[in-house]
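# Build me a model from this:
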Amino acid sequence: MNLSKLLTFIFFLTSTSLFSQKNTKHTVVEGESIYVIAKKYGVTESDIYELNPKAKGALLQLKTVLLIPNKSKKAAISVEKKKKNTSRNSESTEIHTAIAGESLYVIAKKYGISLEKIKEINPTLNPDAIQIGDKINIIPSKKTITEKKSKVPSKVEKPSATITTPKPVVSKPEVSVSMSNTPMVCEDELGNTIHTVQKGETLYKISKLYNVKLKLLKELNEEVVENLPEGYLLIVKLGNLELAKHENIVVERPNVALISLENMSKVDFLIAKASEHLGTRYRGGGTTSAGFDCSGLMFSTFKNIDMTLPRSSGSMAVGAGVKIERDQAQKGDLIFFTTNGRGSINHVGMITEIIGDEIKFIHSSVQSGVVISSTKEPYYSRRFIQINRVLE
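The predicted model follows:
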C-alpha cells in the first residue's frame, strides 16, 4: 500500500515538472492585452487561447493568471530550419547596395522577387527606412539569373588577322552628366511614381522636370509644404489605387459590425505604439521617429501588426477599410479631415477615445507634430469628412 502511494506521488511530481517546462505563468498588469502578451513571449494569440479557453471573448482582468506556452523548443527548431535554408541558399545569394531613391519595392521588382522574401532573408532590415549604402541580401529569381547568364558571351572570339588601314580618329567632346539634374525616382507599393526632393529643389522646378502642371502636383500632395525639405517624398504620377480616389470609388457599409474583442487588443496595441511618438516633429513624407507626416504615422503604426496601409491620406480614405457613420465610430478607426481649403481629404488620424459625441484622435500635425486632438476643437470640427473601419 505504501509502495503504491509512493509511486503515485513520484508520478505526480514528474508530470507537474513536465507541465511547468512546457508552460509559463503570466500575471496580467495594467495596460496589457492578449496581443501585447503574445508579442512579449513570442507566441500567437491562438496559442494563449488554447491554454486559456475562458479568456477568449472575455474582458481581460487585472491580476488574471494566464498560462503561456514555452516556445523555446519550437524556436530552436525554427533556428535550425533557418540555418538549413541559409546554407541551401548561400550559393545563390547576392548582396545589393542601396542607392539614392531606391525603396524595398523597387529592389524587389529589379530582382524579380517578392517583398516578403527580401524581409525573410534580411530579418534586421527596416523596410521603411532604407538608407543609401545599406547592404541587402538578395536571392534573384531564376529568370533574372538566366537573363544575366545570357548576357555573358559563351566564347571569346579571336581577333581577325586581316590588316585594315587605320582611319583618322575624330575626337568628340565629352558630355558631362550632372547628378543634380538626374531625378531621384522610384515607385511605392501602390505604383505611384515618387520623387525624392533634392537640396534646393522647388515645386516649380519639379513640375517642369516631369512636365506636370504645378496645380496638379499640389493636388497629388495635399500635405505639401512651401519650403520643400531635402528628402521629402513627392508623388509625381498616380498609381492604380491612387486613381480610384479621383473616380470616387468608396465602399460604404451602413451596418458595420463592432470591432471584435480579439481585434480590440490589437487596437490597444496600435494606440500604445502611436503614443510612443507623441511630441515627435512633423516631417513631410516621413515614416520614422525622425519625423512623420499624418499618413506616415498611420502607415508606420499599422506596420506593427503587419498591415500595409496606402501611403497618403486620400488613398487611405478609399483604400483602407470601409466608410462608416460617425455614430458607429470606435477607437482604432481612422478619421479623415480636409485642411487644404479645397474640400478634398488631406489629413488622417487614428481614434483613441470616444466620450459622448466627442472623438479624440492621435495624428501628426504640421504645427505641433504628433499630438492627440479632439473633434470639439473648432478647427477640426469644421473640417471633419469621414471615418473608416480598418479592423473588424
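# Least confident secondary structure element in the protein?
Scoring the helices and strands of the chain by mean pLDDT, DSSP states H and E places helix 240-246 at the bottom, with a mean of 45.
# which helices and strands sit right next to the helix or strand just after it?
Reading on from helix 240-246 to the C-terminus, the next helix or strand found by DSSP states H and E is helix 261-275. On a contact count with 3 or more CB pairs under 8 Å, 6 or more residues apart in numbering; DSSP states H and E, helix 261-275 meets helix 34-41, helix 294-302, strand 347-355, strand 358-365. The way it works is simple: take the backbone N, C-alpha and C, and place the C-beta from them, glycine included.
# Quick one: residues in contact with helix 261-275.
With contacts defined as CB atoms under 8 Å, 6 or more residues apart in numbering, helix 261-275 is touched by 31, 33-36, 39, 45, 56-60, 259, 297, 301-302, 304-305, 330-332, 350, 352, 362, 370, 372, 391-392.
# Walk me through the regions of the stretch 1-150 of the chain where pLDDT falls short of the threshold, as ranges.
By pLDDT under 70, the low-scoring segments of the stretch 1-150 of the chain are 1-21, 71-92, 100-101, 127-129, 131-132, 141-150.
# Which parts of it are strands?
Counting by DSSP state E, counting those that start in this stretch, the stretch 1-150 of the chain has these strands, from start to end: 23-27, 65-69, 94-97, 135-138.
# who does the first one pair up with?
I take that to be strand 23-27. strand 65-69 (antiparallel) (DSSP bridges).
# what angle do the partner strand and helix 34-41 make?
50 degrees (axes from the mean of the first three to the mean of the last three CA atoms, to 10 degrees).
# re the thing from before, select only the buried ones of the contacts of helix 261-275 in PyMOL?
Of these, the buried ones can be selected in PyMOL as follows, counting by 16 or more other CB atoms under 10 Å:
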select buried, resi 33+34+35+36+45+60+259+297+301+302+330+331+332+350+352+362+370+372+391
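# what's the first-to-last distance across stretch 40-56?
Chord length of stretch 40-56, first to last residue, is 18 Å (CA to CA, to the nearest Å).
# likewise stretch 38-52?
Using CA to CA, the end-to-end distance of stretch 38-52 comes to 13 Å.
# Name the residues of it that are buried.
Neighbour counts over stretch 38-52 (16+ other CB under 10 Å) mark 38, 41, 43, 45, 47-49, 52 as buried.
# rewinding a little: between the helices and strands packed on helix 261-275, which gets nearest to Gly112?
helix 294-302 (25.6 Å; CB to CB).
# What mean pLDDT does that closest one get?
Averaged over helix 294-302, pLDDT sits at 92.
# what pLDDT, on average, does the helix or strand following it get?
Sequence order places helix 313-319 as the next helix or strand after helix 294-302, per DSSP H and E. Mean pLDDT, computed over helix 313-319, is 86.
# Which helix or strand lies directly C-terminal to helix 313-319?
Scanning onward from helix 313-319 (DSSP H and E), the first element met is strand 322-324.
# Residues contacting whichever helix or strand comes after that next one, please?
The C-terminal neighbour of strand 322-324 among helices and strands, as given by DSSP H and E, is strand 334-337. Residues outside strand 334-337 that contact it (CB under 8 Å, 6+ apart) are 298, 313, 316-317, 320-321, 329, 345-351, 359, 361, 375, 380, 383-388, 390.
# make it 10 Å
If you take CB atoms under 10 Å, 6 or more residues apart in numbering as the criterion, strand 334-337 is touched by 294-295, 298, 302, 309, 313-314, 316-317, 320-321, 323, 326, 329, 345-351, 359-363, 373, 375, 379-390.
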